[in-house]
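**Student:** Got a predicted structure plus its sequence, pasted below:
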Amino acid sequence: MLTYLNGMGHEVTIPHTALLLRGDATVLIDTGFADPDVINSAYPQRIWRTPEQHLQSLLGSIGSSPSDVDIILHTHLHYDHVGNDRLFSNATIYAHQQELSYYRDPTAPLMRQEYFAPKYHYPPQFDAERIESISADTTIAPGLDFIHLPGHTPGSSGVLIETADGLTCFAGDLVMVRENLDPKQPVGLHVDVDMCERSRRKLNSYGAQIIPSHDMRIFDVADVRKLA
Ligand SMILES: [Zn+2]
């Protein structure tokens, strides 16, 4: 799933991440997964979350709350990126138009479970009616750009952020782990591996530092089992 045609059968622990940006507006990139028990029963896997890891608790730990979030940007609409939209009633939510047209009836059966596509009787994970669609690379605010990086899914997108430490990009699941920055090692789960490579080249052209979406090493924890 993480590294195409490589490392099959090698089990790793991965995080599900969301990023909070605080500036003139408060912006959240992705919202993680909903109730782990519902996820584990509908699409058998082993995901878990401690109470402290719930988005509401994490926001509270930095003196914030869901009502502070003005904008949510979705890198794509897989269940583990959209599961807590319902907490953020004040936010305007955006995703790429191609995600909104693809998630309802994905061609690849593997993708139906990733989207929890309601057509296939999965419990809906988000309210599509709330989501505003974006169909081209767009500046959301000065220093904050939403860019199309398809390949993992048709409407996969990244968020380019000007930070005090330089240009940074959260590239969604185009870069689940840092190995995916290697042209020979695209992400394993994708709809189009050639599109992944074109998006990787586009991403590279910005010269931004990149935050992988499912890589335990972003937390500077040497031994991932300590978080398990
Ligand atoms: Zn995904």
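**Tutor:** Received the coordinates, thanks. Numbering: from 1, shown residues only.
**Student:** okay, and for the chain, where does confidence drop off?
**Tutor:** 221-228 (pLDDT under 70).
**Student:** which residues in this structure form helices?
**Tutor:** 36-42, 55-61, 79-82, 97-102, 109-115, 193-205 (DSSP state H).
**Student:** what's the second one in contact with?
**Tutor:** Counting by C-beta atoms under 8 Å, 6 or more residues apart in numbering, helix 55-61 makes contact with 18, 20, 31, 32, 51, 52, 65, 66, 68, 84, 87, all of which sit outside it. Just so you know, the C-beta spots here come from the backbone N, C-alpha and C atoms, and that holds for glycine as well.
**Student:** Any idea how far apart the tips of stretch 200-219 sit?
**Tutor:** 23 Å (C-alpha to C-alpha, to the nearest Å).
**Student:** how about it, does it reach the ion?
**Tutor:** No: figure legend: stretch 200-219 not in contact with the ion (C-beta under 5 Å from the ion); closest approach 7.6 Å.
**Student:** List the buried residues of that stretch.
**Tutor:** Within stretch 200-219, the residues that qualify as buried are 200, 202, 203, 206, 208, 210, 211, 212, 213, 214, 215, 216, counting by 16 or more other C-beta atoms under 10 Å.
**Student:** Out of the residues you listed, which two are the most distant from each other?
**Tutor:** Farthest-apart pair in the buried residues of stretch 200-219 is 202 and 216; separation 26.1 Å (C-beta to C-beta).
**Student:** tell me which parts of this protein are close to the ion?
**Tutor:** 78, 173.
**Student:** give me that answer again for 8 Å
**Tutor:** 75-76, 78, 80-81, 114, 152-153, 156, 172-173, 176, 189, 213 (C-beta under 8 Å from the ion).
**Student:** just checking, what packs against whichever strand in the chain runs longest?
**Tutor:** Identified as the longest strand of the chain according to DSSP state E is strand 157-163. Counting contacts by 3 or more C-beta pairs under 8 Å, 6 or more residues apart in numbering; DSSP states H and E, strand 157-163 is packed against strand 144-148, strand 166-170.
**Student:** quick one: contacts of that strand?
**Tutor:** By C-beta under 8 Å, 6+ apart, strand 157-163 touches 19, 21, 29, 73-76, 95-96, 99, 134, 142-149, 167-172, 174, 203, 206, 208.
**Student:** so what's residue 6 up against?
**Tutor:** 185, 188.
**Student:** Equivalent analysis for the one 10 residues further on, please.
**Tutor:** Contact analysis of residue 16 by C-beta under 8 Å, 6+ apart lists 32, 33, 47, 80, 81, 214.
**Student:** ok, how many other residues are close to residue 135?
**Tutor:** 11 (other C-beta atoms under 10 Å).
**Student:** how about the strands in the protein?
**Tutor:** 19-22, 26-29, 71-73, 92-96, 131-134, 138-141, 144-148, 157-163, 166-170, 209-211.
**Student:** Return the set of buried residues in stretch 124-134.
**Tutor:** So for stretch 124-134, counting by 16+ other C-beta under 10 Å, buried means 125, 126, 128, 131, 134.
**Student:** do stretch 20-32 as well
**Tutor:** Under 16+ other C-beta under 10 Å, the buried positions of stretch 20-32 are 21, 26, 27, 28, 29, 30, 31, 32.
**Student:** residues touching the fourth one, list them.
**Tutor:** With contact set as C-beta under 8 Å, 6+ apart, residue 28 has these partners: 18, 19, 20, 21, 69, 71, 72, 73, 88, 91.
**Student:** contacting residues around the third one?
**Tutor:** Which is residue 20. So residue 20 contacts 26, 27, 28, 29, 59, 62, 64, 69 (C-beta under 8 Å, 6+ apart).
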